[in-house]
Structure formats: C-alpha cells, structure tokens
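Trainee: with the input below, show me the fold.
(2 chains)
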Amino acid sequence: MTVKIVTDSLGDLPADIVKKLDISIIPIHVLFGTESFRDGVDLTNEQFYAKLVNSKTTPTTAVPSLGSFIDVFEESAKNADEILTILVSHKLSGIFDTATKAAQMVKTKARIKVIDSINVIMGEGLLTIKAAEMAKAGNSLDKITQYIQSNIQRIESRMAFDTLEYLKKGGRIGAAQAFLGSLLKINPILGLKDGEVYPLSRERSRARSIEALYNWALTYRKIEAIAIEDATTPDEASQLADRLKKRYPDIPFYHAKVGAVIGAHVGPSVIAISILGDK
Amino acid sequence: MKKIDTYDGVAFRDMFSAAAGWLEKSVSDIDALNVFPVPDGDTGTNMLLTMRSAVEEAYRVSDTSVSAVAQAMSKGALMGARGNSGVILSQIWRGMAQGMSKKESFTGRDFADAFLQASKVAYKGISNPVEGTILTVIRESAQAGQSFAANNGNDLREVINAIVEAANKSLANTPNLLPVLKDAGVVDAGGQGLYTILEGALRYLRGEGEQMQFRKPQMVSSNVTVPARLQPMNMREEPFGYCTEFLLKGQKIDPDKLREKLKKHGESLIVVGDQTNVRVHIHTIDPGTVLHFVTPVGTMHQVSIRNMDEQHEDYLAMQKHRLPATNVSIIAIAPGDGIKDVFSSLGAYVITGGQTMNPSTKDILQGVEAAVSDNVIILPNNKNIILTAGQVQALTKKAIKVVPTKTIPQGVAALLAFDYESDLETNARVMEKARNAVRTVEITRAIRTTKMGTLRIKKNQAIGLLDTDLVAVGNTALSVLTQVMDKLDLNESEVLTVYYGQGIEKEEAEIIGNTIREKYANLQIEVVKGDQPHYEYIISIE
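Mentor: Residues are numbered from 1 along each chain as shown, chains lettered A, B, ... in the order given. Predicted coordinates:
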C-alpha cells in the first residue's frame, strides 16, 4: 500500500523537503488586481514580497479551482493506493470545502482522505512532514490519519511583525482587531491555535518581539520539532534558530518562508515559530 | 471610438442574482456588525431576504427589457423587505426602477443615473436620515458614479467599479461619522451589505461567476479598536420597546400622510411604497396603537413584532464574543484627550482624571460595573488615585486588582504588557513588573519659589521629575529634560515616548524629539499628542 501526501501551499513547506518526501502541493492563487499567480509556481516568495511592498493594490487570495484538485488527485492515484490530503484550517480558507467536494467527484480506485490540519504556515507544514515521513516508512492511511488527528492539538504557531499596515488593508482579521487603532507604535504578536488567529501581546520594539517568541519556546516542557520562518529577514531567523538550538540541541529544526496568504496580512517583517510539543 | 456594450433586463437580473448569492456568503459576518439603530434584528439576513425576494420576482417576468425587470425587482424587494436595512434596500430598488423606466436596455451612464435616483429615493423614505449608515454609502458612491460617467465614459464595468471603490471608502469612514460604530469598532452593517451587493455585481460582470463560488466577500474593516471608549451599558434604563413591521395593502394609500401620522408613535420610522402597497417599520413602546391606527387604512400582511430588549441582550452577548478571548477588562484613569485616546486605542476603558482632578470611588466603580468582564484591573496612573482605586473592591462583586501605577508611562507600559491569554492574577503580576521597568520624566512649572535639597527654584521655572521625584530645574523644558536624561543610564533602553501637553505645539514637541534623537541614536523616539494639563511633557523611557 502506498500513501501519497497532498497539501496546499499555505503550509509553507520548503522545496527541498517537498522533493525529498515526494509531497504534492496545490498552490493557492494570489491576485494583485487582475493579475493572478499560483503561489510558489508563477510567483516566488521573493517576488511576492517585492510586489506586496511596491504594488498599490492589496493582494487577495483565491482557493484553487475544483478542477485543479481533481487533476492532482487523479495524477496522484496513478502511483498510490491511498491519498491523504492535509489542508489549512477551514476557519482561514475555503480550501477544505473545495478539496472535500473534489474528493467526492473524482473517479479513481484510490481512497482519498481530506484532513483539516486546524493550522497554517509551518504548523500545518510540521504535520504534513510527519505524515509524509510516516508514509515513506510504509504506514497505512488510517495509521497516519490517526497520528495527525491526535497531534493537531500539540501544534502552535506564533508570529511577530513590525507594522499593522498590512493587517488593516487585509480586512479579515477577527480578534486581531484588538491591535488596530493603537496610537503608539507596537510590534504585535499573533498566535495561531485551534484554527484561528488571535492577539497575544504587544511589544515596543522588534528586538523585544523576537525575544518574546524565544521566551515562548522556552515555556515548553517537551519539544519534538520546531520550524522558524521569515519573509525577508533570513539572518534574524537563523540567529533565533541558533539560540534555540542551544537549548534544544537534539530536535529537528526547519527553516521556511511565510507564504503569500499570511504574508499579505502581516507584511515582509514577519518572523514566525511553529512548535510541535507539550507545555 | 470604443464600442460601448449595452445590457438588457436579463443581464440586469443575472448580475444582481449573482450579487444576492455573493451577499449570502457574508450574511453572518454582516449580522455580527449590527449595532445601529441599536437592536434591529439582523442586518445581513434582512438584506439577503429582501434581495432574494427582488430576484425571485425578476425571474417571474417574461419581458426582457430592463425597465420591466427593474420594476419587478422593485416590487419584489418591497414585498420581501424586512428590517430597517431591508426597507432601505427596497427603496434603492425602487429608485433604480424609476431610473430604468421605459428603457429597453442600459449602459454604464444609465446605471450611474439610476443609481443616483436610487440614492435619492432611499433618503426620501426615512423621516430623519442619519449619516454614517447605508445612506451615506449610497450617496457618496452614487456621486462617484456620476462623476466617473461624466468624465470617463459609459462602460458599465468601469462605472460600477468606480461606484464600488467609492462605496468601500465611504464604508470604511462610517465609524468616523457615527459614534456608536466607533465605540463598537465596526463599520455600518447596512453599508457593508450594500457594498457586498455592488461588489458581487461587479465580479459577475467581470466574468468571475465561477470563482465566486469558492470565495467569500471581503469585510471592510474600520480602523478603530474595540472597545474604544468607556461606554456605560446603562442604555438599559431606556426600554427599547418593540420593532414592529408590516406590509399594508389597500387602495389609494398615501405613504407621506401615513408617515406623518405615525411619527409620534415611535422611532426609526420608515414608511415606503405606493398607493396599493406600503411597508412600515417602527420602533414603538406600544405596537397595539400603531396596528389599531392602520387597520382602517388597509389590510396588514407579514406582521412582525419583536421585543427589542431581548434582541439587545443577544447583541450584548454577541459583542462579548467579538472581543478577544479574555475575561479581564482594564480601566485606566487618564487626563487629556490625547492620553485618553492612547489608553483606549490599546483596549482600556478610560475614566477622566489625574493631577488635581482625582476621580471619586464612585466614578471608578461605575467604570468597573460598565466593563464587559467580571475581572477588572485598575490602572490609577497617579499616586493620589491609588487609594481611591483600592476602595472599589469592597463595593463590587467583580474581582478587582489595582496595579498601582503612579505615572502615565507606568500605566501605558502596564497596559502594553497585558497578555490576552492569562487570567487576572497573572496579568496583574505581569503588569506590575512592566510598570517597574519603565522610567518616567515629567516636566512642569514651579507654582512657587522654593528650595529643595540643593535645588533653588523660582516660581514658573521649568522643573523635572524623575519617577515623581524632583531632580532638575531650568529655564526651558529642553534644558530640564537634558539634565534629567544625563542622570540616566540609557544603554539598556530602547523606546522613548514624548507626550506633549495642553498648549504645546506639535512643532515644539518635534524639536524636543529631534534633539533627543541626535543625542541618543540607539533610541526609538515617538512623539505623541497627550493634551494633558499641568505637565508640558511626560516622557516614558522603556
């Protein structure tokens, strides 16, 4: 039995891991006005942030079409008996609904399962990596699904960034509204848990906001994997990673880039950590 | 010359049918915005039902002229209108139908004209139009449609695009026109509904029909925070009464006369329609009298009487849900409009007070009772208010913690340290720690000549306080500030905020800011209007 892992581009998986673990990525569509790009396919991460900073129009994103899911499922079914699709939190995107519909429509012998990861960025990515590793090791779809379901709650992501400008433009922010309107310059920290973005704290400088991410990581009793992401500031991300590696020398660290959907809301200054572990 | 497309009634129907579908997707989001006029049911739902009824009627006509289709939609909207916003929407359709009257097909310019007519009719149906609502959004966007059509042409897509862009801008500005929106930190719900309908029509025209199935309309966000100002919840003292609605059918009804007669029976009165069908919406304490009054005029249909006090309870519960997931509120006592705004922008309820204007225990208690949470942290922000704040616990069932902030910078630092995840105890501890990590410099004027330690002070000289201790004297604020800062080790500091007081010009304050910036390149300097009395400058060093 072969299990093929499919995910969306919101999981921010680095290209080398995608290749090594043979994961299929369905790209989200990024729209700048009338220009449409497939995240990570027609538009690299660098190009996206350059456009975000320079373009007058605020980018929006669109769920990939039903057809693109069907294509990926049919293609994957050629070499696999079972397909596990791990997707971004349904509270943040309509991708889950579209994929579920596509899974019902597609005519193939392969069994297709669609899971809501209840996460995004590398929070979703860490789960997908685990799933792909298990698939490579020959585990069944049911076993992998069971693992994912019971570990979703052990994932949490946090992000620090410099400006509320993009969050304001983006509109759909829910509880993060609490940050808007601040008359003092603040560096907000947002959390992503249970599929939703929520406000955590406000720091007065970038250095302190990154310190807050570091301190948060230290509150864990046990960590199984850490992912650190940046958008345009790789040096800061690797400094943070180096400090954490000293505290957690024996666990896997992943470096990734925050993709277009979350990036459009938090802007090019974002630094994010996702942790799989127990507090 | 560019060829201009014309559109017939079928196109008109299809574009608004798609728009109704688009609206449907954000109904619950729009319902959640509902604040005005306070408890009026669910704006999103009401607008959708009105739109659906309009579109259904459009499908019933066989005539494909835009005149006939718009007429049908107008009739359908009136029949299906529900709630304040639904009734206004039905008036918009009525104006559209008037604008499209006798037209076989229409162009961008025709649409702009019909939309302007829609705006006029919408205003006419309301006895006292309020700005910052759907009415503002339609008026401003209709004007934009007019000027676009006048200057740039006749293409329907371009005209509607101009209207949609203007509607977005107008909508985002509604909280600045209507305090009730600003306090709730939302845009007008009816305006959002109209924007979504127009945007849906535009998307359809652009051929995005398929994509629309998998996307959701974007909610326009206001740029004010929640909660903005202390909003005493004792609105409860005034009963809201009953939201009463019905469709009146008869012969030769005069809506204007009826409106005039019903005026004295309640508020938020809307009477719209023609001689045979009139829709009435009123908030009244006594629905019986209203019904009794209209019985001889015609037959009543779709009668709905809802208790608005109940709706208000639901609304309060919903507002609570909209706030971040924390059950701790913060009350800050602060002087000066600028400083008050800083505190409220960071999520605190603000009570006016400070040096020489200490609030009473009762003032603070009222704030505590008005806060949405059962746990409240009080930031006195002045050493003379700490004791008063301490009295509050004995007078309320709510759990109170006083974080004894003695200065404004301590209060701001404490508030910024608020952790949305933590409970009352932990937050009080975290905030206490943050309060101690900030240094405060206050610059004021000596009220008399005196000698303190080694300092000789003349009346009206500038004096500088460091964490409330008098440490410097001089002739200008800048010289005193320089003296105080020389006493500090600023190597570990990162952020310096200057709040300038009443009577100080922004330029003056900027000079102070720039002088510090030149001397301490490592500091991030912010200059903020504080408007506080007595203190020319309050400076926070973190």
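Trainee: now the helices: where do they sit in the stretch 151-279 of chain A?
Mentor: Counting by DSSP state H, counting those that start in this stretch, the stretch 151-279 of chain A has these helices, from start to end: A:165-170, A:206-218, A:234-247, A:260-266.
Trainee: pLDDT below threshold where in chain A?
Mentor: Scanning chain A for pLDDT under 70 picks out A:170-178, A:180-181.
Trainee: make it 80
Mentor: Scanning chain A with the threshold set as pLDDT under 80 gives A:1, A:33-34, A:56-57, A:60-62, A:91, A:94, A:167-182, A:193-198.
Trainee: one more: the stretch 251-400 of chain B?
Mentor: Across the stretch 251-400 of chain B, the stretches falling below the confidence threshold (pLDDT under 80) are B:267-268, B:307-326, B:355-356, B:372.
Trainee: for chain B, which helix or strand comes out least confident on mean pLDDT?
Mentor: The helix or strand with the lowest mean pLDDT-type score in chain B, counting by mean pLDDT, DSSP states H and E, is helix B:308-322 (a mean of 58).
Trainee: domain parsing of chain A, as residue ranges.
Mentor: Residue ranges of the domains in chain A are recorded as A:3-153, A:154-278, according to automatic domain parsing.
Trainee: the shortest one: end-to-end distance?
Mentor: Read it as domain A:154-278. 6 Å (C-alpha to C-alpha, to the nearest Å).
Trainee: now swap in the longest one and tell me
Mentor: Taking C-alpha to C-alpha, the span from the opening residue of domain A:3-153 to its closing residue is 23 Å.
Trainee: B:Met73: what's its closest spatial neighbour, skipping adjacent residues?
Mentor: With sequence-adjacent residues excluded and distances taken as C-beta to C-beta, 6 or more residues apart in numbering or on different chains, B:Met73 is closest to B:Ala54, at 4.2 Å. All C-beta atoms are positioned from the backbone trio N, CA, C, and that covers glycine.
Trainee: in which helix or strand does the one you found reside?
Mentor: Under the criterion of DSSP states H and E, B:Ala54 resides in helix B:43-60.
Trainee: what angle sits between the following helix or strand past that helix and helix B:43-60?
Mentor: In the C-terminal direction, the helix or strand that comes right after helix B:43-60 (DSSP H and E) is helix B:66-80. Using axes from the mean of the first three to the mean of the last three C-alpha atoms, to 10 degrees, the interaxial angle of helix B:66-80 with respect to helix B:43-60 works out to 140 degrees.
Trainee: tell me the contacts of the residue nearest to A:Thr163 when sequence neighbours are not counted?
Mentor: Closest residue to A:Thr163 in three dimensions, ignoring its sequence neighbours and counting by C-beta to C-beta, 6+ apart: A:Gly267, at 5.7 Å. A:Gly267 makes contacts with A:52, A:161-163, A:165-167, A:231, as judged by C-beta atoms under 8 Å, 6 or more residues apart in numbering or on different chains.
Trainee: cutoff 7 Å now
Mentor: Contact analysis of A:Gly267 by C-beta atoms under 7 Å, 6 or more residues apart in numbering or on different chains lists A:161, A:163, A:165-166.
Trainee: B:His292 versus that one, what's the distance?
Mentor: As for A:Gly267, its distance to B:His292 is 61 Å (criterion: C-beta to C-beta, to the nearest Å).
Trainee: B:Val441 too?
Mentor: Separation of B:Val441 from B:His292 (C-beta to C-beta): 70 Å.
Trainee: give the contact list for residue 55.
Mentor: Using chain A here. For A:Ser55, the contact set (C-beta under 7 Å, 6+ apart) comprises A:Phe32.
Trainee: let me rephrase: I mean chain B.
Mentor: Counting by C-beta under 7 Å, 6+ apart, B:Val55 makes contact with B:13, B:16-17, B:20, B:73.
Trainee: which of the residues you listed ranks first by neighbour count?
Mentor: When the contacts of B:Val55 are compared by neighbour count (other C-beta atoms under 10 Å in any protein chain shown), B:Met73 ends up highest, at 30 neighbours.
Trainee: and the residue nearest the centre of chain A?
Mentor: Geometric centre of chain A, nearest residue: A:Ile121, 1.5 Å, by C-alpha atoms, centre = their mean.
Trainee: number of nearby residues for the nearest residue to it once chain neighbours are set aside?
Mentor: Spatially, and ignoring its direct neighbours in sequence, A:Ile121 is nearest to A:Asp12 (4.9 Å; C-beta to C-beta, 6+ apart). Neighbour count for A:Asp12, taken as other C-beta under 10 Å: 28.
Trainee: cool, B:Ile447 as well?
Mentor: The local packing count at B:Ile447 equals 11, with neighbours defined by other C-beta under 10 Å.
Trainee: B:Gly80 is nearest to which of the domains of chain A?
Mentor: Nearest to B:Gly80, of all these, is domain A:3-153, at 28.3 Å by C-beta to C-beta.
Trainee: please list all residues in contact with A:Val120.
Mentor: If you count contacts by C-beta under 7 Å, 6+ apart, A:Val120 has them with A:10, A:88-89, A:92, A:192, A:262.
Trainee: just those: which are in strands?
Mentor: The strands, defined by DSSP state E, take in A:Leu192 from these.
Trainee: pipe the contacts of A:Val120 into a markdown table and attach distance to B:Lys120 and neighbour count per row.
Mentor: Conversion of these to a markdown table gives the following (distance: C-beta to C-beta, whole Å; neighbours: other C-beta atoms under 10 Å in any protein chain shown):
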| residue | distance to B:Lys120 | neighbour count |
| --- | --- | --- |
| A:Leu10 | 46 | 29 |
| A:Val88 | 46 | 27 |
| A:Ser89 | 45 | 23 |
| A:Leu92 | 42 | 21 |
| A:Leu192 | 47 | 24 |
| A:Ile262 | 44 | 25 |
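Trainee: from the contacts of A:Val120, which single one is nearest B:Val87?
Mentor: A:Leu92 (35.5 Å).
Trainee: excluding its backbone neighbours, what's nearest that closest one?
Mentor: Spatial nearest neighbour of A:Leu92, excluding adjacent residues (C-beta to C-beta, 6+ apart): A:Val120 at 5.7 Å.
Trainee: how close does the one you found sit to chain B?
Mentor: Using C-beta to the nearest C-beta, to the nearest Å, one gets 16 Å for the distance from A:Val120 to chain B.
Trainee: quick one, what contacts the residue lying closest to B:Thr426 once chain neighbours are set aside?
Mentor: Distances taken as C-beta to C-beta, 6+ apart place B:Asp419 nearest to B:Thr426, at 7.0 Å, with adjacent residues excluded. Shown here is B:Asp419, whose contacts under the criterion C-beta under 7 Å, 6+ apart are A:201, B:426-427, B:430.
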